[in-house]
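Enquirer: model the structure of this input:
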Amino acid sequence: MHSLRFRFFAFIAALLLVLLLLLNTYPLISSRDAVYEEKRSSLAAAASVVASSLAGLDRLNPESVAEVLTFLDISGYSRILVADRRGNVVYDDGGAAGGQTEIADVLTALGESKTIFRSRLRDGAFSSSYAVPMSSQGAITGAVYLCEHDSERAEIIYGIQNRIRVLSVFIGMAALLLAGVFVLALMRRLQDLVQSMRVVAEGDYAYRHPIRGQDEISELGEEFNLLTERLETTEKQRRRFVSDASHELKTPLASIRLLSDSIVQNEGMDPATVREFAADIGHEAQRLQRTTEDLLDLSRMDDGIGFVPEPADVSRAAEDALVLLRPLAQERAVRLSAHLEDGCVVMGSPDEIFKIIFNLTENAIKYNVPDGSVELTVRSGGEVVEIEVADTGIGIPEEDRLNIFDRFYRVDKARSRATGGNGLGLSIVHDAVQAHGGSIAVGQNKPQGSLFIVTLPRATEEETGI
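Expert: Coordinates of the predicted model:
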C-alpha cells in the first residue's frame, strides 16, 4: 500500500514537473521567436530603404552616405555600415557590434547577392543585424549592414519569465499539497476496502462495506458488497444443507437402530413381528441409500463433473421411466398417460435425461390425489425438445414456486415424509437441466395440480451424424 501511494504521488509529481517545464519554456520561446520576426521585418524595411536610396548615388563616399542617412533620419541602430561593390567600407558610424561578423555578412551579401539576418538573445538584450546588397541597373553596387541592440524587449521577456517562475513555484507547491491530500484520501478509502475484505475473510459475511461517493472505488465497494451478499447466501445454504443432510441421514439411522434394538431386546418376539420390523429396517435402509445417492449426484454436479455428450432419445428415456413408475401409479390409484413424439433427440447423458423424467413423474404420482391423473408429454418444437409433466395433485402454492428447486425444500413437510421424499429430487432435476443447457418452469395445471415444463436444445444433424 505504501509503495502504491509513493508511485501514485511520484507519477503526479512527474506530470506536474513536465507541465511546469512547458509553462516556463514555451512562453519564453514563443515570445523570443515573435521578437525575432519583428526584428527581421523592421530591419529588412529599414535596410531596403537605405539600400534603395544609396543605389541612386553616382559615387559612394562617407559624405554622400551620411547626407542620405541624415535625410532618411535613420537612427536607433547600434551600428550602420555601408560597403562598395569591392567590399571596402565606405561608411561606418563606429557603433558597437560584433567585429568580424559584420564584415562576413557584408561579403556574403555582396558575393551571393542575398540578405543575411541574425538575431539572438544574450547578455540581457536582443542583438539583431541585417545585411542587404545594393543594386543599380541589375548590378551589385554595394551592401548595407544594420545592427540593433534592444535591451527593453529583453527586459520585458525576462520579467515575464521571472513572474512565471515565481508563479510556477506557488502552483507546484499547491498542486503537490493537493495531490498529497488526494492520494492520502484515496489510499484511506482503499485501506477501508481492504479492511472490509479482512473482516469478511474472518467469517463475518453479514458485514457490508460503507459506500461513499459515485466513483470507481464506490463501484468496487458495491461489487464487494454484492459478492459478500452472495457469500452470505451461500454460507446459509451450506449450513442449511449440512443441517438438513444430517437430519435426513440421522432419521433413518435412528429408526434402523430402534427397530434392531427392539428385535435384539425382545427374545420372545413372534416371527411375524420380527418380519415386520425387518421390512421396516429394509425400507429405512432403502430411504437412506436413496438420500445418499441423491447427495452424491448433487455433489458431483457441484464439483462440475460433467458427462460426455451423446445423442439421447428423450422419448425412449420416458418409456423406460414409465415402465418403472406404472406399478407406483397403480398402487396410488393414479392414471398415468403419455404422449411421446418420435425424433426428440438431444445431446447429453441418457441417464440424466432419465432422472429428469423419472423424478418429475414420480413426484407427480406421489403428490397426487386418489383417482387423479398424470400426463407425460414429449414433443419437439423447432430447435428445442419439450418435456411436460402435468398432474391433478395437491399443487404448489405461488409463494413456494421460487424455492422448490432448493435442496431439502418441502412444500408440505409432513406429507413429504409420509411419501418418503427428501427434498432433493427437484434440485437434481434443476441441476441436470442446467447441465444440458436447458431451462425448467413450473406453473399451475388447470383446473388443479402442477405443471412442469423442461426445455432442452434439440440435437442437430451434424451432432447426431444422422
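Enquirer: longest helix in this protein, by residue count?
Expert: Longest helix in the chain, counting residues (DSSP state H): helix 2-55.
Enquirer: and for Gly282, the neighbour number?
Expert: Around Gly282 there are 12 other residues, counting by other CB atoms under 10 Å. For every residue, glycine as well, the C-beta is placed using N, CA and C.
Enquirer: lowest-scoring secondary structure element of the protein by mean pLDDT?
Expert: Ranked by mean pLDDT, DSSP states H and E, the weakest helix or strand in the chain is helix 413-419, scoring a mean of 49.
Enquirer: show me what the following helix or strand past that helix is packed up against.
Expert: Read in the C-terminal direction, the helix or strand following helix 413-419 is helix 425-435, with elements assigned using DSSP states H and E. Using 3 or more CB pairs under 8 Å, 6 or more residues apart in numbering; DSSP states H and E as the contact definition, the elements that helix 425-435 packs against are helix 271-302, helix 350-366, strand 439-444, strand 450-457.
Enquirer: give me that answer again for 10 Å
Expert: Judged by 3 or more CB pairs under 10 Å, 6 or more residues apart in numbering; DSSP states H and E, helix 425-435 is in contact with helix 271-302, strand 345-348, helix 350-366, strand 439-444, strand 450-457.
Enquirer: how about it: buried residues?
Expert: Judged by neighbour count using 16 or more other CB atoms under 10 Å, the buried positions of helix 425-435 are Gly425, Leu426, Ser427, Ile428, Val429, His430, Asp431, Ala432, Val433, Ala435.
Enquirer: ditto for stretch 395-407
Expert: By neighbour count on 16+ other CB under 10 Å, the buried set for stretch 395-407 is Gly395, Ile396, Ile404, Phe405, Asp406, Arg407.
Enquirer: what's the local residue count around Leu43?
Expert: Once other CB under 10 Å is used to define contacts, Leu43 is seen to have 23 neighbours.
Enquirer: for Ala83, same thing?
Expert: Ala83 has 25 nearby residues by other CB under 10 Å.
Enquirer: from the contact counts, what lies against the helix or strand encompassing it?
Expert: Assigning secondary structure by DSSP H and E places Ala83 in strand 79-84. Under the contact criterion of 3+ CB pairs under 10 Å, 6+ apart, the helices and strands touching strand 79-84 comprise helix 2-55, helix 62-72, strand 89-92, helix 100-112, strand 125-136, strand 139-150.
Enquirer: ok, now how distant is Ser42 from Asp150?
Expert: 10 Å (CB to CB, to the nearest Å).
Enquirer: higher neighbour count, these two?
Expert: Under the neighbour definition other CB under 10 Å, Ser42 and Asp150 were set side by side, and Asp150 has more, 19 against 16.
Enquirer: wait, the more buried one touches Asp123, no?
Expert: No - the pair Asp150 and Asp123 does not pass the contact test of CB atoms under 10 Å, sitting 11.9 Å apart.
Enquirer: mind checking how far Leu322 is from Ile156?
Expert: From Leu322 to Ile156 the distance is 103 Å (CB to CB).
Enquirer: now do Pro350
Expert: In this structure, Pro350 and Ile156 are separated by 93 Å, where distance is defined by CB to CB.
Enquirer: again with Thr25
Expert: When CB to CB is the yardstick, Thr25 and Ile156 sit 17 Å from each other.
Enquirer: how about Leu424?
Expert: When CB to CB is the yardstick, Leu424 and Ile156 sit 90 Å from each other.
Enquirer: who's more crowded, the two?
Expert: Each of Leu424 and Ile156 had its neighbours counted (other CB under 10 Å), and the higher figure belongs to Leu424 (22 against 12).
Enquirer: quick one, grab the pLDDT at the more buried one.
Expert: Per-residue pLDDT puts Leu424 at 71.
Enquirer: isn't it right next to Lys355, touching?
Expert: No - Leu424 lies out of contact with Lys355 (CB under 10 Å); the separation is 11.3 Å.
Enquirer: need the pLDDT of Arg287.
Expert: In the prediction, the pLDDT value recorded for Arg287 is 69.
Enquirer: cool, Gly180 as well?
Expert: Confidence per residue is given as pLDDT, and for Gly180 that number is 80.
Enquirer: excluding covalently adjacent residues, which one is nearest to it?
Expert: Nearest in space to Gly180, with sequence neighbours left out and distances taken as CB to CB, 6 or more residues apart in numbering, is Phe9 at 6.6 Å.
Enquirer: ramachandran angles for Ser218?
Expert: Listed backbone geometry of Ser218 is phi -60, psi -40, with angles given as degrees, to the nearest 10.
Enquirer: right, and it touches Arg189 too?
Expert: Yes - contact criterion CB under 10 Å: Ser218 and Arg189 qualify, at 8.7 Å.
Enquirer: joint contacts of the two?
Expert: Shared between the contact lists of Ser218 and Arg189 (criterion: CB atoms under 10 Å, 6 or more residues apart in numbering) are residues Arg212.
Enquirer: tell me where the stretch 151-300 of the chain has helices.
Expert: Counting by DSSP state H, counting those that start in this stretch, the segments of the stretch 151-300 of the chain that form helices are 151-201, 216-265, 271-302.
Enquirer: so for Arg332, which of those helices sits nearest?
Expert: Arg332 sits nearest to helix 271-302 of all these, at 16.7 Å, using CB to CB.
Enquirer: hey, C-alpha coordinates of the very next helix or strand once past that closest one in PDB?
Expert: Proceeding C-terminally, helix 271-302 gives way to strand 310-313 as the next helix or strand, assigned by DSSP H and E. Taking Å, rounded to 0.1, in the frame of the first residue of the first chain, the C-alpha atoms of strand 310-313 are listed here in PDB:
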ATOM      1  CA  GLU A 310     -24.000 -38.200 -26.900                       C
ATOM      2  CA  PRO A 311     -27.400 -38.400 -28.700                       C
ATOM      3  CA  ALA A 312     -30.100 -39.200 -26.200                       C
ATOM      4  CA  ASP A 313     -33.600 -40.100 -27.300                       C
END
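Enquirer: just checking: what are the partner strands of strand 310-313?
Expert: strand 345-348 (antiparallel) (DSSP bridges).
Enquirer: what is the rounded mean pLDDT of the strand it pairs with?
Expert: Per-residue pLDDT values over strand 345-348 give a mean of 88.
Enquirer: over to stretch 371-381?
Expert: If you average the per-residue pLDDT over stretch 371-381, you get 90.
Enquirer: buried residues in that stretch?
Expert: Within stretch 371-381, the residues scored as buried using 16+ other CB under 10 Å are Gly372, Ser373, Val374, Glu375, Leu376, Thr377, Val378, Arg379, Ser380.
Enquirer: what is the burial count for the closest residue to Ala206 other than its chain neighbours?
Expert: Nearest-residue entry for Ala206: Glu232, 6.0 Å, with adjacent residues in sequence omitted and distances by CB to CB, 6+ apart. Other residues lying near Glu232 total 16 when counted by other CB under 10 Å.
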